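Q: have a look at this fold, sequence not included:
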């Protein structure tokens, strides 16, 4: 069993920045790929960014490419999402997720993750 707890969300003006964190516990953090998803009110959950077990491979949704950076610290069992140049359309609940089944070095972009956090709200004012 894996527990994931997100933090770092809040209210920010358009053009601003936020850094989200996801603290993991329960199993060896470096054994699973990680991802960030978001879900806005009335919309489906969408992939934002993913990172491989080692952190060497990353993948981003086109909507956030060049503005968001995913990273992980396996020694601290923590996943991060640095979000810059935020836009009102980035507002959503952001969730982190863990995938045990993906091959080492790979990144999962579908919602087929094994464990999910509860999410942290990001609000962007225009």
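A: Cool, got the structure. All values derive from a computational prediction rather than experimental measurement. Residues are numbered from 1 along each chain as shown.

Q: not counting its neighbours along the chain, what's nearest residue 122?
A: residue 9 (4.8 Å; C-beta to C-beta, 6 or more residues apart in numbering). Backbone N, C-alpha and C define where each C-beta goes, glycine included.

Q: if you could redo that for residue 18, that was the one I meant.
A: Residue 18 sits nearest to residue 83 (C-beta to C-beta, 6+ apart), 4.9 Å away.

Q: what residues are up against the residue nearest to residue 122?
A: 18, 20, 93, 94, 120, 121, 122, 123 (C-beta atoms under 8 Å, 6 or more residues apart in numbering).

Q: going by distance to residue 79, which of those residues wins?
A: residue 20 (8.4 Å; C-beta to C-beta).

Q: the helix or strand hosting the closest one - contacts with which helices or strands?
A: According to DSSP states H and E, residue 20 maps onto strand 18-25. Counting contacts by 3 or more C-beta pairs under 8 Å, 6 or more residues apart in numbering; DSSP states H and E, strand 18-25 is packed against strand 3-7, strand 33-39, strand 78-83, strand 92-99, strand 120-125.

Q: ok, which of those strands comes nearest residue 14?
A: Of the helices and strands packed on strand 18-25, nearest to residue 14 by C-beta to C-beta is strand 120-125, at 5.7 Å.

Q: can you spell out which helices and strands pack onto that closest one?
A: Identification of packing neighbours for strand 120-125 by 3+ C-beta pairs under 8 Å, 6+ apart yields strand 10-13, strand 18-25, strand 92-99.
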